[in-house]
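**Q** one predicted model, sequence on top.
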Amino acid sequence: MNSEDFFTKLERQIQSGNPFVAYRNPNDKNGLTKALLQDTEKAYKTSGFNESGFVFAPFENDNNAFFIPSENAESITTEYFADKDEEVKKEDQEFPPVYTNAEAKIQHEKLVQQGIEAIQTGEFKKVVVSRKEDVQTQLEALDIFKNLLKKYETAFVYYWFHPKTGIWLGATPETLLKVERDKFKTMSLAGTQSFQGTSNVNWGEKEIEEQQIVTDSILENLQDKVSGTIHRSEPYTTKAGNLLHLQTDIQGILDSEKSNLKSLILALHPTPAVCGLPKKNAKEFILKNEGYNREFYSGFLGEMNMKKEIKRNSNRRNQENQAYASILKQTFLFVNLRCMKLEAGKARLFIGGGITKDSNPADEWQETVNKSHTIKSVLVK
Ligand SMILES: C=C(O[C@@H]1C=C(C(=O)O)C=C[C@H]1O)C(=O)O
């Protein structure tokens with residue numbers, strides 16, 4: 001449908017108070033933006049991950065993953081492209097004043113210091129600590145969503161609403177897991193620096209080690225679930241908004257006797273990109289010391305066992321050019337980063353960063369400030 005109709009439908013759904021999700025997968029060449037509109041306010045949960053729909057899972061508590069079942073939702077799509085002129089205008093815009101709350105800074109630096117000390121005593125090798133920040137905004141959620149769509153073509157952009165979770169929006173650069181037939185893809189993403197006009201940059205030892213920990217852990221956790229070798233790229237620099245990260249692409253073939261979607265999710269989530277290593281100790285540290293509830297930040301979300309129709313010609317020389325369609329199931333999950341929870345006039349931002357033995361508390365604070373720009377820049381008209 002055309003974009004106007006798509007957004008009108010979405011507006012009606014918002015008014016109805018029933019759950020929905022609207023989203024666009026990264027780098028979609030057609031700008032394909034989809035929505036699933038649930039027809040009742042019922043809360044569906046999944047713990048088996050074998051249903052078809054859109055899943056929205058928190059950082060912690062495996063039995064609390066919400067989902068919108070395909071069979072109980074209307075599916076609509078549109079091809080939405082950013083108006084380039086409008087986009088340029090946005091790029092020119094100043095970020096809202098950088099939020100410098102002295103107390104928040106002291107608190108975060110203290111948390112980082114605690115993390116470093118726990119690493120020194122051997123509790124774990126890496127931990128990801130985060131904070132929340134509340135920002136005023138006059139914008140409606142739908143306008144924020146449009147801003148995200150316009151600004152972040154390479155990210156997974158979404159707008160989720162459920163009466164039980166509230167409104168969440170984000171633009172995440174991180175794939176948790178993509179599965180199509182027996183092929184899977186994931187990534188190791190860590191290490192951050194500000195984008196200063198070029199992606200041709202050097203990385204320090206701290207960032208290289210921090211990202212290597214994520215790669216090694218993903219490879220180890222997937223080892224007994226695949227058939228044959230797991231392929232991985234060299235680490236490379238990738239751009240996400242105003243930031244650069246180190247990324248390694250990981251892919252392979254699944255062994256269907258040894259794995260299913262649930263076992264893969266449990267093996268990966270939460271990766272050391274958002275939790276730490278070893279997982280258990282790092283998670284305990286986070287839950288005990290962060291001092292707030294992450295809720296769905298650093299959880300995961302996306303299409304789960306969604307039917308996808310592949311059209312292809314049976315024979316190129318076929319004069320009738322008859323198309324044959326085959327249906328396959330696709331899962332495309334992302335880590336919920338660079339996100340916010342929206343309440344009346346207020347956006348709660350969630351931002352974190354990985355701590356290793358070489359971390360510096362003041363730098364880690366600055367990293368969270370830089371990361372918060374991804375979201376802050378879409379909260380202005
Ligand atoms: C935890 C976040 O990001 C993660 C942590 C990173 C880091 O520590 O350098 C980089 C990318 C993400 O994997 C966040 O954005 O909140």
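**A** Noted; the coordinates are in hand.

**Q** list the buried residues for stretch 221-232?
**A** Within stretch 221-232, the residues that count as buried by 16 or more other C-beta atoms under 10 Å are 221-222, 225-226, 230, 232. Any C-beta I mention is one placed from the backbone N, CA and C, and that applies to glycine too.

**Q** contacts for it?
**A** Residues outside stretch 221-232 that contact it (C-beta atoms under 8 Å, 6 or more residues apart in numbering): 182, 184, 186, 215, 219, 248-255, 258-259, 263-264, 267-268.

**Q** and it, how far out from the chain's middle?
**A** A distance of 23 Å separates the C-alpha centroid of stretch 221-232 from that of its chain, computed with C-alpha atoms, centre = their mean, to the nearest Å.

**Q** what of stretch 161-172?
**A** Between the mean C-alpha location of stretch 161-172 and the chain-wide mean there is a distance of 12 Å, by C-alpha atoms, centre = their mean.

**Q** give me the contacts around that stretch.
**A** Contact partners of stretch 161-172, identified using C-beta under 8 Å, 6+ apart, comprise 14, 17, 19-21, 41, 43, 56, 66, 141, 144-145, 148, 151-152, 155-160, 241, 295-296, 334-343, 374-375, 378.

**Q** repeat the analysis, applying 7 Å as the threshold.
**A** Under the contact criterion C-beta atoms under 7 Å, 6 or more residues apart in numbering, stretch 161-172 has outside partners 17, 19-20, 41, 43, 56, 66, 141, 144-145, 148, 152, 155-160, 296, 334-343, 374.

**Q** same check on stretch 233-249?
**A** Contacts of stretch 233-249 from elsewhere in the structure, counted by C-beta under 7 Å, 6+ apart, are 152, 155, 173, 185, 187-195, 199, 201, 203, 207, 211, 215, 232, 370-371, 373-374.

**Q** quick one: end-to-end length of that stretch, please.
**A** The first and final residues of stretch 233-249 sit 5 Å from each other (C-alpha to C-alpha, to the nearest Å).

**Q** how about stretch 228-239?
**A** With C-alpha to C-alpha as the measure, the first residue of stretch 228-239 is 31 Å from its last.

**Q** which residue does the stretch 1-150 of the chain have closest to the ligand?
**A** In the stretch 1-150 of the chain, the residue that lies nearest the ligand is Val128 (5.3 Å; C-beta to the nearest ligand atom).

**Q** what's across from that residue in the sheet?
**A** Residues in a beta bridge with Val128, per DSSP bridges, are Gly354.

**Q** which members of the contacts of stretch 221-232 are positioned in strands?
**A** Cross-referencing these with the strands (criterion: DSSP state E) gives 184, 186, 248-254 as the overlap.

**Q** about what we covered before: could you turn the buried ones of the contacts of stretch 233-249 into a PyMOL selection?
**A** Here is the PyMOL command that picks out the buried ones among these, judged by 16+ other C-beta under 10 Å:
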select buried, resi 152+155+173+187+188+189+190+191+192+193+203+207+211+215+232+370+371+373+374
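
**Q** what is the nearest of the buried residues of stretch 221-232 to Phe81?
**A** Distances from the buried residues of stretch 221-232 to Phe81 were compared by C-beta to C-beta; the smallest belongs to Arg232, at 33.3 Å.

**Q** who's in contact with the residue of the stretch 201-350 of the chain found nearest the ligand?
**A** As assessed by C-beta to the nearest ligand atom, the ligand sits closest to Ala273 within the stretch 201-350 of the chain, at 3.5 Å. Residues near Ala273 by C-beta under 7 Å, 6+ apart: 174, 188-190, 214, 335.

**Q** what about the helices in the stretch 101-250 of the chain?
**A** For the stretch 101-250 of the chain, applying DSSP state H, counting those that start in this stretch gives helices covering 102-120, 141-151, 205-222.

**Q** before we move on, the earlier item: which pLDDT does the model give the residue of the stretch 201-350 of the chain closest to the ligand?
**A** At Ala273, the pLDDT value in this model is 92.
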